[in-house]
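Novice: Fold the following.
(2 chains)
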Amino acid sequence: MTEVMSGIAPYIYVSTRMRVRKAKLIPREEYLRMLNMGLPEFTRLIEELEYKREIDELSASFKGVDLIENAMSWNLAKEYQRVIALAPGEMKGFTRDYLHKWDIQNILSILRGKELGFSDGKIRAVLVPAGALDAPTLDRLIAESSSERIVEQLPIKQMSAILSEGLSEALETHSFGKIENELYKYYYATLIKAARGGMKGGLPFLKYVMFEIDIKNITSVFRMRAQGGDNAAQQNIWIPGGSFKPEELERLSSVESTDEVVDSLKKKIKVTVLLDALESLREKKPIYSIESTLIATQLNQMDKVSKRNPFSISPLLVYLERKKYEVSNLRAIARGKEAGLDAEILEKYLVM
Amino acid sequence: MAIESMTVEAATALASGYTAIGAGLAVGLAGVGTGIGEMGIGAAAVGATAEDRGMFGLALLFTVLPETVVIFGLVIALLLIFV
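Specialist: Predicted coordinates:
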């Protein structure tokens, strides 16, 4: 009994901390206010928020919007590392696995940056060391002379194997899309394996991962349709493990009628919020608007699940995702304001 | 010891013994129940306070709410012993 009781308390403690942190994230009204500010006013406001410490740390190396962007990435990475440190028991493993996607993003940014001939400093600026690869490891990889050496030196062996298999083709075609798809398939397969590993709390995690896969696949269907659905099979973008089979998704990406696509998708979906979101996609919308609708749906569903399972991995995942979108929203506002975009246009790209 | 062979004094002593055990159980079990209740609230209260110091007062108030259960136990114990 003692073991059971001492086992629950850390979950309650961490879930509560995540809830409080989530409540402190920037609310919708604040974003709307930010959209109407000028760049200097926006910069001052950011400096007053929790990014102050990182802005002070990096102010010697960067200026202006670059400073804001880097400070946010740095803050996000540190925050994620703090969350991993806080997470108890099985939650720590699930969180680490979940944050593994940042490793994929970072390594691809390095490879793409090298391929396009960007300087080490510019590549470093877009990295978010929130996964298993920490900042010194990423620095070492950036300093490598060639893409082949980067892949060889990568400490995550499974990722290294996938990369070395497709690297020569990617370098020839100047496209890392295929490798990216393979890496994300490996990532989701790892998450499903971890969730089905029989550990406590695995079921809510599995449900969440499957939902995320569905959202990713549905987004890809609409993206392929917007592009004309020509290279879906070639790119093999569909992620297995969700509610849909890859063949089914491939067929849907080439169907002409949006109503037919929505009807077919709705047949397999049980989550109410996603059903509602799919219904709203019947009318013709630009792809960025479809993507924002689906992301908002995913976040809303995560919120719901976290309320239903208050002491599981869910509150933690909700916070991680919401924090990610806070940073991406602020970056979008900063870059948009720098480019002189209108508030109405910027608003469409924000996830609120 | 058979009931028939008991003296009045022995029976009274036995009854007060049982009463004392009952009173002990009332306070003890209520204490255990309170502890279980406070475990969750306490963990959440510490978590909330760690993130926001301003929540300390409210968190403390919520943490001590299950203490009322011990008071109920104590009242039962006092009734058993003194009434």
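
Novice: Now do the contacts for the residue in the stretch 151-300 of chain A that chain B sits nearest to.
Specialist: At 16.3 Å from chain B, A:G201 is the closest residue in the stretch 151-300 of chain A, using Cβ to the nearest Cβ. Where C-beta positions appear, they are placed from N, C-alpha and C, glycine not excepted. By Cβ atoms under 8 Å, 6 or more residues apart in numbering or on different chains, the contact list for A:G201 reads A:E90, A:M91, A:F94, A:S312, A:I313.

Novice: What's the local residue count around the fourth one?
Specialist: In terms of burial, A:S312 registers 23 neighbours under the definition other Cβ atoms under 10 Å in any protein chain shown.

Novice: Quick check: chain neighbours aside, which residue is closest to it?
Specialist: A:P204 (4.5 Å; Cβ to Cβ, 6 or more residues apart in numbering or on different chains).

Novice: Can you classify the one you found by secondary structure?
Specialist: Under DSSP: H, G, I helix; E, B strand; the rest coil, the three-state class of A:P204 is helix.

Novice: and the gap between the residue of the stretch 151-300 of chain A closest to chain B and A:K207?
Specialist: Distance from A:G201 to A:K207, counting by Cβ to Cβ, to the nearest Å: 11 Å.

Novice: go on, A:K284?
Specialist: From A:K284 across to A:K207, the span is 32 Å (Cβ to Cβ).

Novice: shouldn't the residue nearest to A:S312 be in contact with A:F311?
Specialist: No - with contact defined as Cβ atoms under 8 Å, A:P204 does not reach A:F311; the gap is 10.1 Å.

Novice: what residues does chain B put near chain A?
Specialist: Residues of chain B lying near chain A by Cβ under 8 Å from any Cβ of the partner chain: B:36, B:39-40, B:42-44, B:46-48, B:50-52, B:55.

Novice: Drop anything exposed from the residues you listed.
Specialist: Neighbour-count burial (16 or more other Cβ atoms under 10 Å in any protein chain shown) is assigned, among the residues of chain B next to chain A, to B:M39, B:G40, B:G42, B:A43, B:A44, B:V46, B:G47, B:A48, B:E51, B:M55.

Novice: Tell me the secondary structure at the first one.
Specialist: Using three-state DSSP as the criterion, the local structure at B:M39 reads helix.

Novice: Just the pLDDT for it.
Specialist: In this model, B:M39 is scored at 92, pLDDT.

Novice: cool, the last one as well?
Specialist: According to the per-residue confidence, B:M55 scores 93 in pLDDT.

Novice: check which helix or strand covers the residue lying closest to it once chain neighbours are set aside.
Specialist: Nearest non-adjacent residue to B:M55, counting by Cβ to Cβ, 6+ apart: B:A48, 4.6 Å away. Secondary structure from DSSP states H and E places B:A48 in helix B:8-51.

Novice: and that helix, what other elements does it pack with?
Specialist: Where contact means 3 or more Cβ pairs under 8 Å, 6 or more residues apart in numbering or on different chains; DSSP states H and E, helix B:8-51 is packed against helix A:2-23, helix B:56-64, helix B:67-82.

Novice: Which one's more surrounded, A:P204 and A:F311?
Specialist: Per other Cβ under 10 Å, whichever of A:P204 and A:F311 has more neighbours is A:F311, with 21 against 18.

Novice: Settle this for me: the more buried one is touching A:I12, isn't it.
Specialist: Yes - using Cβ under 8 Å, A:F311 makes contact with A:I12 at a distance of 5.5 Å.

Novice: Return the residues in contact with the residue of chain B found nearest chain A.
Specialist: Per Cβ to the nearest Cβ, B:G47 is where chain B lies closest to chain A, at 3.4 Å. B:G47 sits next to A:I12, A:Y13, A:V14, A:S15, A:T16, A:R17, A:V20 when contact means Cβ under 8 Å, 6+ apart.

Novice: Can I get those in TSV including pLDDT and neighbour count?
Specialist: Putting the contacts of B:G47 into TSV (pLDDT from 0 to 100; neighbours: other Cβ atoms under 10 Å in any protein chain shown) gives the following:
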residue	pLDDT	neighbour count
A:I12	90	21
A:Y13	92	22
A:V14	92	24
A:S15	91	25
A:T16	93	25
A:R17	94	24
A:V20	93	18
